[in-house]
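Enquirer: Here is my input; please provide its structure:
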Amino acid sequence: MQDSYSLVLEILKQQDQLKMSIFQQEELASTLRHYSQNTVSFMEIDKLCQEIISVLNKTGKASALQDDSIKSLKKTGQLLWDILLPRTIKDKLKSSSILNLILSIDEELINIPWELLYDGNSFLCLKFNLGRLVRTKEQLTPPQYRSFTSIPKMLILANPTNDLKSAYLEGVFIRNQFDRKRREIIIDFKSTDIDTLYVKKNLYDYDIVHFAGHCEYEADRPQDSGWVLADGKFSASDILAMSATVTLPTLVFSNACYSAKVNTHLLDIDYQKKSYSLASAFLFSGVRHYIGSIRRIEDQVSLAFSKEFYSQLISGKSVGESLRLSRLKSVNEFGMQSFAWTSYLLYGDPNFVLFRKIIKKPRQGIKKYIASNKKLVLKSSLALAAVVMLIYLATWLPTLRPSTYFLFRDAKKIFLTGKNQEVIGLADRIISKDAYFLAAYPLLAQAYENEGDKENALKSYFDYALFSEKKQDKKNLACAYTKIGKFYQNQGDYPKAFDFFNKAINLSRAHNDKLNEAVALRRLAVWFIDKEDYAKALELLTQSSEINRERQYLYEHRYNLACDYFDIGLVFTNKDDLTTAKEFYNRSLKLFQGLKLKNELSDYYFNLGEICLFEKQYQKASDYYLQGLAIDREQNNKPNIISDMNMIGELYVEMDNLAEAEKFFHQAQELSKQIKAKPELATSYYNLAQIYKKRGRINQARDFLRQAQEIYVEIDFGEYESIKKELLSLDSPE
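Expert: Have a look, this model is predicted:
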């Protein structure tokens, strides 16, 4: 859909001359059209193009040099303006109030940076909504263009090679940007298992495709240039082959860098040719608009540019205007010197609008009816609500005994105060009255866990699974499997944990239970975090967060989305990407605070404190740790308190306050013995060994290492071997 009038600047190359005309696209076709003829030196033009490349490649140097670079870019751009365009064309471009400019050029002219022509006041790409249309000598079948759908579909392909964290984040942020636009656009996000077959099978289902990843250019065989995927390239020749049978998307945004280059932020002399090699394949195949990046730019700038583009596009702006406004915002936020605004080219009509604002007319008829029949409507509504409630109670609730519900409500309230023994008593009373009141079992098990009674905790989780199975309640059964898996993982029994997580995933998928599928995927991701397989963990967390994000209007899914973001933060913490980790931790915090949850924030405070520890901000780390410890003490969560003590002790070791560190490690040791928490006890022994090593008391260090080793031989053979080596390396006894 075209939005308004456009200027068309048509330029043809004939030997050493340029023939050009400028006209308004919406004007009636004239019998005669004036064109200007301009004799030029293409050798001189090539030299000026090289100068522009040299200027753009200075990005990121000292600020004084950047100021000089802007001046150089303006001077070179203005000289190109003067050489390329005759006076009549320049006057028309300067005086025109039309913002859309279609640059219709011969294929031989694509290497000229038309967007950077400078008229003395502004660059063309900042003044106009500029798009390129290219005439080619190729004999091609007329492309099939995609028809418009009422609700467009968008596919985001992010980081298919799993080595560009920024590309993954770009995809996530663009997807999240459309959260409130679900009625206007359907978004599918893919960041794992993106191979050539996936792209070939699914590309034609979408109106918009955004690609964030690597692109490779083959100078000898341009048809083999293309996007780098998990198993190879999706090439220009693949695109052309597909066009014979399917209609491709309307818009493709290829935010890719050329991975074959060593310095991907630098431009080659043939950078325009590289961009066009892939663009032409899409355009010849029926893609109406192609936006391509000509080089790699800073991650933050690239992300901001993409977000602004889609924000403008979905608000009803044309493709060209959305791109120009993104350029201008980039200039305002990052400065003209960043040159990010120069890094994108649009092929296609800039005047094209994908999203129209829908103006809804008020439905007065129904309002008048309600106003005049309030009593009747109220009675009918109450009757309908009563019927629905009775059906719900009879069908879904585990029991119809009011006293049981009151007991369960009281148990949940008391649980939050940390009075675990009272919770155990109330939960036992509920189960004795009604063994099929399934919600009581996980509450009972968690209370036992908090008390360190692992035997009864595990028994309660298995009872939960048993009665869920007897009741044929597949959702609760999947939930029970996940909780059993988490229990085994906390005890260091990883094989059993892995089996139960997979049982939960398979069962929930078989019954289309998205909530329990997402929870099990997240728990399995944490399993892989423990195994230091961060790529697999991120893949699973992407799947779970996508499920929860699409359903976050439901409380349980919103809660689990907060947990997803938290665990994604944990992945990036372990990968030493602390900036990204903080970003996801804070997203998690906002969701938890929005849900008015407090007890879930303990882990948040400790993980944020750990980041401060890495950054050597010890006071901040201490403040965060103490906030987390206060929450765990309030809930009397003994396993968490032990972990808290160990982490606080490690902080004091880092601060070289060994006396305070030893005090916290001993507290962790005593509480671990009290509740028979083997992994936590092993950690306490190991930490105490490090204290005594620092003091030079080798015999005591050796004793604590051996005690830790005796536990690890049962639960973590890798740690056992590590301690074995450490023992061998110790000096002779005192």
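
Enquirer: what residues are up against S150?
Expert: Going by C-beta atoms under 8 Å, 6 or more residues apart in numbering, S150 touches no other residue. Yep, even glycine has a C-beta here, placed from its N, CA and C like the rest.

Enquirer: Distance of T417 relative to A457?
Expert: As defined by C-beta to C-beta, to the nearest Å, T417 lies at a distance of 19 Å from A457.

Enquirer: can you check H34 too?
Expert: From H34 over to A457 the distance is 87 Å, taken as C-beta to C-beta.

Enquirer: Compare neighbour counts for these two and give me the winner.
Expert: Using other C-beta atoms under 10 Å as the criterion, H34 and A457 rank with A457 on top: 21 against 9.

Enquirer: Tell me which helix or strand that one sits in.
Expert: Secondary-structure assignment from DSSP states H and E places A457 in helix 454-470.

Enquirer: model confidence over the next helix or strand after that helix, on average?
Expert: The helix or strand immediately downstream of helix 454-470 is helix 474-490, counting by DSSP H and E. For helix 474-490, the mean per-residue pLDDT is 93.

Enquirer: same deal with stretch 53-60?
Expert: On average, the pLDDT along stretch 53-60 is 74.

Enquirer: Return the alpha-carbon coordinates of it using CSV.
Expert: Included here for stretch 53-60 are C-alpha records, laid out as CSV according to Å, rounded to 0.1, in the frame of the first residue of the first chain:
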residue,chain,number,x,y,z
ILE,A,53,34.9,4.2,2.4
SER,A,54,38.1,5.4,4.1
VAL,A,55,36.1,8.0,6.1
LEU,A,56,33.5,5.4,7.3
ASN,A,57,36.3,3.0,8.3
LYS,A,58,37.6,5.6,10.8
THR,A,59,34.6,5.0,13.1
GLY,A,60,35.5,4.4,16.7
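
Enquirer: So which residue is dead centre in the chain?
Expert: For the chain, the residue nearest the mean C-alpha position is V172 (2.3 Å; C-alpha atoms, centre = their mean).

Enquirer: Break the chain down into its domains, please.
Expert: Under the assignment named as automatic domain parsing, the residue ranges that make up the domains of the chain are 6-135, 153-347, 364-395, 403-472, 639-734.

Enquirer: Switch the ones you listed over to a markdown table; also include distance to L608.
Expert: What follows is those, written out as a markdown table (distance: least, C-beta to C-beta, whole Å):
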| stretch | distance to L608 |
| --- | --- |
| domain 6-135 | 31 |
| domain 153-347 | 19 |
| domain 364-395 | 41 |
| domain 403-472 | 23 |
| domain 639-734 | 12 |
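
Enquirer: what's the closest of these to A537?
Expert: Nearest to A537 among the domains of the chain is domain 153-347 (11.3 Å), distances taken as C-beta to C-beta.

Enquirer: Flag the shaky bits of the stretch 1-150 of the chain, pLDDT-wise.
Expert: Counting by pLDDT under 70, the stretch 1-150 of the chain contains low-confidence residues at 1-4, 26-33, 59-67, 138-143, 148-149.

Enquirer: Show the residue spans covered by the helices in it.
Expert: Per DSSP state H, counting those that start in this stretch, the stretch 1-150 of the chain has helices spanning 42-56, 63-84, 87-95, 124-127. These are given in chain order.

Enquirer: For those, state which one has the densest average packing.
Expert: Looking across the helices of the stretch 1-150 of the chain with neighbours counted as mean count of other C-beta atoms under 10 Å, the highest average goes to helix 124-127: a mean of 20.

Enquirer: same for that one, what does it pack against?
Expert: Under the contact definition 3 or more C-beta pairs under 8 Å, 6 or more residues apart in numbering; DSSP states H and E, helix 124-127 sits against helix 319-334.

Enquirer: Spit out the contact partners of L101.
Expert: Neighbour list for L101: S6, L7, L9, L93, L124, F128, N129, L130, G131, P350 [criterion: C-beta under 8 Å, 6+ apart].

Enquirer: Actually, L458.
Expert: L458 sits next to A445, I484, F487 when contact means C-beta under 8 Å, 6+ apart.

Enquirer: quick one: contacts of the host helix or strand of the first one?
Expert: According to DSSP H and E, A445 maps onto helix 440-451. Identification of contacts with helix 440-451 by C-beta under 8 Å, 6+ apart yields 408, 411-412, 415, 418, 420-421, 423-424, 427-428, 430-431, 454, 456-458, 460-461, 463-464, 467, 479-480, 483, 487, 635-639, 675.

Enquirer: make it 7 Å
Expert: Under the contact criterion C-beta atoms under 7 Å, 6 or more residues apart in numbering, helix 440-451 has outside partners 408, 411-412, 415, 420, 423-424, 427, 430-431, 456-457, 460-461, 463-464, 483, 636-639, 675.

Enquirer: between it and helix 474-490, how big is the angle?
Expert: 10 degrees (axes from the mean of the first three to the mean of the last three C-alpha atoms, to 10 degrees).

Enquirer: Alpha carbons of helix 440-451, as CSV, please.
Expert: What follows is the C-alpha trace of helix 440-451 in CSV, where atoms were taken according to Å, rounded to 0.1, in the frame of the first residue of the first chain:
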residue,chain,number,x,y,z
ALA,A,440,-1.2,-30.5,49.4
TYR,A,441,1.6,-32.8,48.3
PRO,A,442,4.1,-30.4,46.8
LEU,A,443,3.4,-28.0,49.7
LEU,A,444,4.1,-30.8,52.2
ALA,A,445,7.2,-31.8,50.3
GLN,A,446,8.6,-28.3,50.2
ALA,A,447,8.1,-27.9,53.9
TYR,A,448,10.0,-31.1,54.5
GLU,A,449,12.8,-29.9,52.2
ASN,A,450,13.0,-26.6,54.1
GLU,A,451,13.4,-28.6,57.3
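
Enquirer: Could you shift the numbering so residue one becomes 5, and keep it that way?
Expert: Renumbered: residue one is now 5, and that last one reads helix 444-455.

Enquirer: Show the residue spans covered by the helices in the stretch 605-738 of the chain.
Expert: Secondary structure of the stretch 605-738 of the chain by DSSP H, counting those that start in this stretch: the helices cover 605-618, 622-638, 642-658, 662-679, 682-698, 702-719, 721-733.

Enquirer: ok so, going back, in a markdown table: the contacts of L105, plus distance to L120.
Expert: Below are those laid out as a markdown table (distance: C-beta to C-beta, whole Å):
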| residue | distance to L120 |
| --- | --- |
| S10 | 20 |
| L11 | 18 |
| L13 | 15 |
| L97 | 14 |
| L128 | 7 |
| F132 | 12 |
| N133 | 16 |
| L134 | 11 |
| G135 | 15 |
| P354 | 16 |
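
Enquirer: out of those residues, who's nearest C616?
Expert: When the contacts of L105 are compared for distance to C616 (C-beta to C-beta), N133 comes out closest, at 46.2 Å.

Enquirer: count of neighbours near the residue nearest to the closest one when sequence neighbours are not counted?
Expert: The shortest distance from N133 to any residue other than its chain neighbours is 3.1 Å, reached at G324 (C-beta to C-beta, 6 or more residues apart in numbering). Residues near G324, counting by other C-beta under 10 Å, number 27.

Enquirer: Much appreciated, bye for now.
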